[in-house]
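J.: Any chance you could fold what I've pasted below:
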Amino acid sequence: MKIDQVVLENPFILAPLAGYTDLAFRLLCREYGAGLCFSEMVSCHGLVFRQKSTLDLIATRPAERPVVMQLFGSEPDIMAEAAAILSEQSIDGIDINMGCPVKKVIKKGAGAALIKNPRLAAEIIRKVRQNSQVPVTVKTRTGWNHHAIVAEDFAKMAEDSGASAITVHGRTWTDGFSGEVDWQCIARVKKAVTIPVIGNGDIISREDGLAMMAKTGCDGVMIGRGALGRPWIFSENINPNPSLHLRVKALLRHLDIIASLGSPVPPFAKTKNHAGKYFKGITGSASIRQKVYSCSSYEELHEFVNSLIT
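T.: Residues are numbered from 1 along each chain as shown. Just a heads-up that it's a prediction; the model follows:
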């Protein structure tokens, strides 16, 4: 799979997830075989005003490339200025979020709100593209609601405006993260455009991803919640329901990456949230997660996790 001149090793992509897809987790998923990783949502205003918390989000390392930073906002000129700043980083693409369903994002006219305003969306894509030295992609949904499925026309608009690829989460804004994913709509989008199409929504295994590509014709699949606590989802050689030993090994590697990166250290509560997910679905998981959440430091957490296999 290619996005302009960016060649991916495979079509399995880590989705942008606020609070989760930070540098450490992206590096881990790349080690497990992700073909491409997306950052958390980055505020265009935060970048333009050089806010430290926003600048922390765009920290990167050569080992994670190719990597795409996801930008959100609703003001074309501010988005363009932010794109220029992002282009100065060692990244491989800028994605524009046009699908986030969170109400505080919607109220600002960003995220999925742009589905209802294709003219503004087109202007944003054009200006970001004009100010970017890397490919620009778009992530969106099938429509605002089931009475307004517009993904095909929206994808055509994105392509005409300069987007190099489009990701379609097969749900509407009103669906949020529930309900059935509309694979047929993703297939129609693939037929409507010539740029690569990435399918998204409820991919919880490599088999799911392969099935989506086979049935929709999409060029790649984006895995979000299915990768949390399960970075091995990107590996074709690991049992999708691995042993406790493998889970602990993956988590210890995650913690080691965090330690190796130094500053800024992720909030410990965020790391514990990640850590608890590694044990979901196994015997005794509730007890393990309770002990994870009771840890008060990285050292204590590392010691407890290591004790599970020693």
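
J.: can you count the residues close to Pro11?
T.: 19 (other Cβ atoms under 10 Å). Yep, even glycine has a C-beta here, placed from its N, CA and C like the rest.

J.: Give me the nearest residue to it, chain neighbours excluded.
T.: Among residues not flanking Pro11 along the chain, Gly220 sits closest, at 3.5 Å (Cβ to Cβ, 6 or more residues apart in numbering).

J.: next one: phi and psi at the one you found?
T.: phi -160, psi 170 (degrees, to the nearest 10).

J.: How about the contacts made by it?
T.: Contacts of Gly220 were listed using Cβ atoms under 8 Å, 6 or more residues apart in numbering, and they are Met1, Leu8, Pro11, Phe12, Ile13, Gly35, Leu36, Pro196, Ile198, Gly199, Met213.

J.: Next up, the contacts around the last one.
T.: With contact set as Cβ under 8 Å, 6+ apart, Met213 has these partners: Pro11, Gly199, Asp219, Gly220, Val221.

J.: do the first one as well
T.: Applying Cβ under 8 Å, 6+ apart to Met1 gives the contacts Val7, Leu8, Asn10, Pro11, Gly35, Pro196, Asp219, Gly220.

J.: just checking, which of these belong to strands?
T.: Taking DSSP state E as the definition of strands, those contribute Val7, Gly220.

J.: wait, which of the contacts of Met1 is closest to Val136?
T.: Pro196 (12.7 Å; Cβ to Cβ).

J.: what's the spacing between the closest one and Lys116?
T.: 25 Å (Cβ to Cβ, to the nearest Å).

J.: Tell me where the stretch 101-250 of the chain has helices.
T.: Ranges of helices within the stretch 101-250 of the chain are 103-106, 118-130, 151-161, 183-192, 206-216, 244-261, based on DSSP state H, counting those that start in this stretch.

J.: tell me the average confidence for the third one?
T.: For helix 151-161, the per-residue pLDDT values average out at 98.

J.: Equivalent analysis for the shortest one, please.
T.: Along helix 103-106, the predicted confidence averages to a pLDDT of 95.

J.: Skipping adjacent residues, who's closest to Asn10 in space?
T.: Gly35 (4.1 Å).

J.: re the thing from before, just put the contacts of Gly220 in TSV and tack on pLDDT and distance to Trp173.
T.: What follows is those, written out as TSV (pLDDT from 0 to 100; distance: Cβ to Cβ, whole Å):
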residue	pLDDT	distance to Trp173
Met1	92	27
Leu8	97	28
Pro11	98	26
Phe12	98	26
Ile13	98	22
Gly35	98	28
Leu36	98	25
Pro196	98	23
Ile198	98	19
Gly199	98	18
Met213	98	25
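
J.: of those residues, closest to Glu180?
T.: Gly199 (13.8 Å).

J.: burial of that closest one, as a residue count?
T.: So Gly199, with other Cβ under 10 Å, has 30 neighbours.

J.: Give me the pLDDT value at the closest residue to it other than its chain neighbours.
T.: Closest residue to Gly199 apart from its sequence neighbours, by Cβ to Cβ, 6+ apart: Cys218 at 4.0 Å. In this prediction, Cys218 carries a pLDDT score of 98.
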